[in-house]
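# give me a 3D structure for the following:
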Amino acid sequence: MASAAEQLAANLNLGVLSKATELKKRIWFTLAALIVYRIGTYVPVPGVDATVMADILRQHGSGILGMFDMFTGGALGRMTVFALNIMPYISASIIVQLLSSAVPTLEALKKEGESGRKKLNQYTRYLTVVIAIFQAWGLAIGLESMRGTLGQSAVFETGMFFRVSCVVTLVGGTLFLMWLGEQITARGVGNGISLIIFAGIVANLPSAAIATLELGRTGALSTLFIIAFLLIALAVIAFVVFMERAQRRIPVQYPKRQVGNRMFGGENTHLPLKLNTAGVIPPIFASSLLLLPATFAGFAGNQQTDSWVTTIASALAHGRPAYMALYVALIIFFAFFYTAVVFNPTETADQLKKNGGFIPGIRPGQATADYLDRVLTRLTGVGAIYLCIVCLLPEILISQYGVPFYFGGTSLLIIVSVTMDTVAQIQSHLFAHQYEGLIRKSRLGGRGAPRVR
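Now for the predicted structure:
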């Protein structure tokens with residue numbers, strides 16, 4: 001017999017969505033907030049020549065600037081108030097998460113529950129301001145030294161006034177996006193920070209698709225190649241969805257215990273371990289490190305003193321064997337490193353032992369921690385291989401088959417994971433709405449039903 005959740009899932013349709021007033025308000029709020037974000041990506045920073053900035057980005061598009069411009073939805077290339085996007089907040093969150101596993105004070109806060117989480121969030125906001133100020137100041141100084149192909153400066157008037165105004169504008173834009181993301185999380189649907197990054201990446205897809213179809217119309221690409229490319233893209237998306245939903249369910253049992261005349265416990269549950277525990281962090285870190293040489297080489301120009309930088313950058317260009325090998329090695333390293341940070345087998349085993357739970361066939365305590373560590377190591381190995389396949393496929397298509405636009409595995413992972421999370425939250429709101437309707441009907445039925453004596 002189907003469970004209550006399965007029955008509700010079978011009855012979900014557009015009619016149920018039309019009656020869920022609260023969910024519709026949340027969806028409209030989310031869409032309005034994302035529209036505000038997209039409008040902000042076209043508000044320029046005062047004192048910057050947008051034409052020269054676009055020219056500079058075309059020169060250095062293969063470096064780290066190109067990757068961050070993709071995440072910001074073109075805001076960095078247009079040098080707008082949201083040029084830093086939400087990246088300082090992401091960096092601060094990762095740093096606080098890493099420190100909470102290494103610093104005893106922060107680790108104690110993480111274990112305090114809701115109050116500790118609020119304090120950690122506050123520390124994350126403070127660190128976001130610090131990181132944003134440093135990044136904005138570095139970007140302002142870098143803009144003053146940037147030149148276009150004809151030697152024109154990217155800044156109309158250099159000096160302290162421009163630097164201060166640029167820092168205030170960019171930091172204010174980042175803090176506004178941080179607030180907007182928190183508002184989406186609280187009053188909208190989905191994780192606000194993730195949706196902002198999602199919107200920035202998706203904003204570039206229509207122009208890339210139109211450019212590809214235009215190449216097909218002019219005959220530069222064959223129709224068969226475009227159809228095959230679309231089929232491969234759909235297959236990769238289905239593969240990513242399958243792997244992101246994959247998990248190992250470790251059975252956990254709780255013994256029965258008698259309190260007075262009542263019997264408690266005796267539950268059978270499971271501990272879900274995701275195949276890809278690290279998420280999109282390994283590809284992001286690996287891409288950032290590998291793109292640094294190309295970025296330095298682009299700004300160094302043709303100076304003889306920096307020829308070694310140019311040599312390294314050419315060896316680590318997209319599609320080169322050294323780039324592929326280092327990309328794979330860094331993804332595997334960061335997958336194991338970040339998984340070890342976010343999941344502690346010893347702490348999980350202690351929690352199970354404290355609550356009376358145990359894994360069938362495994363003794364509580366250290367034996368359980370060792371078992372969880374072995375399982376997690378194997379899962380992380382498979383997850384790292386999966387990340388390498390997804391991230392290397394675009395590189396091979398670009399270098400070997402000349403795919404006309406770059407859409408990395410990191411972007412695909414972000415789009416798929418954010419979409420799955422948002423859809424899951426919409427379904428949970430629909431479930432809650434249907435449960436409320438069932439409770440109301442049961443109450444009305446109870447009042448009007450005749451009493452049996």
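# elements contacting whichever strand or helix holds Phe242?
Phe242 is part of helix 223-245, with elements assigned from DSSP states H and E. In this structure, helix 223-245 packs against helix 205-218, helix 366-401, helix 409-448, with contacts taken as 3 or more CB pairs under 8 Å, 6 or more residues apart in numbering; DSSP states H and E. For glycine as for every other residue, the C-beta is placed from the backbone atoms N, C-alpha and C.
# try 6 Å
Applying 3 or more CB pairs under 6 Å, 6 or more residues apart in numbering; DSSP states H and E, we find helix 223-245 packed against helix 409-448.
# just the mean pLDDT for the helix holding Phe242, thanks.
On average, the pLDDT along helix 223-245 is 86.
# how far away from the center of its chain is stretch 173-186?
On the basis of CA atoms, centre = their mean, to the nearest Å, stretch 173-186 sits 15 Å off its chain's mean C-alpha point.
# got any ranges where the chain has weak pLDDT?
Filtered on pLDDT under 70, the chain yields the residue ranges 1-18, 59-67, 256-266, 291-319, 401-407, 433-453.
# tell me the angle of the helix holding Phe242 relative to helix 366-401?
For helix 223-245 against helix 366-401, the angle between stretch directions is 170 degrees (axes from the mean of the first three to the mean of the last three CA atoms, to 10 degrees).
# so for helix 223-245, what gets flagged as buried?
Neighbour counts over helix 223-245 (16 or more other CB atoms under 10 Å) mark 225, 229, 236, 240, 243-244 as buried.
# would you list the residues you listed in CSV and tack on distance to Thr346?
Formatted as CSV, the buried residues of helix 223-245 follow (distance: CB to CB, whole Å):
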residue, distance to Thr346
Phe225, 52
Phe229, 47
Val236, 37
Val240, 31
Met243, 27
Glu244, 27
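# closest to Ala329 among those?
Ala329 has its nearest neighbour among the buried residues of helix 223-245 in Met243, at 20.5 Å by CB to CB.
# so how far is Phe343 from the residue nearest to that closest one when sequence neighbours are not counted?
In space, Met243 comes closest to Tyr386 once its chain neighbours are excluded; the distance is 5.0 Å by CB to CB, 6 or more residues apart in numbering. Applying CB to CB, to the nearest Å, the value for Tyr386 to Phe343 is 17 Å.
# neighbour count: the two, which is higher?
Between Tyr386 and Phe343, Tyr386 has the larger neighbour count (other CB atoms under 10 Å), namely 21 against 17.
# how deep is Ala432 tucked in, by neighbour count?
Counted with other CB under 10 Å, the neighbours of Ala432 add up to 14.
# can you dump the C-alpha coordinates of the helix holding Phe242 into CSV?
C-alpha atoms of helix 223-245 as CSV (Å, rounded to 0.1, in the frame of the first residue of the first chain):
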residue,chain,number,x,y,z
THR,A,223,22.8,20.4,-38.3
LEU,A,224,23.8,16.9,-37.4
PHE,A,225,26.5,18.2,-35.1
ILE,A,226,24.0,20.5,-33.3
ILE,A,227,21.5,17.7,-32.8
ALA,A,228,24.2,15.4,-31.5
PHE,A,229,25.4,18.1,-29.1
LEU,A,230,21.9,18.7,-27.7
LEU,A,231,21.4,14.9,-27.2
ILE,A,232,24.8,14.8,-25.4
ALA,A,233,23.8,17.7,-23.2
LEU,A,234,20.5,16.1,-22.2
ALA,A,235,22.3,12.8,-21.4
VAL,A,236,24.8,14.6,-19.2
ILE,A,237,22.0,16.5,-17.4
ALA,A,238,20.2,13.2,-16.7
PHE,A,239,23.5,11.7,-15.5
VAL,A,240,24.1,14.6,-13.2
VAL,A,241,20.6,14.4,-11.8
PHE,A,242,20.9,10.7,-11.1
MET,A,243,24.3,11.0,-9.4
GLU,A,244,23.3,14.0,-7.3
ARG,A,245,20.3,12.0,-6.0
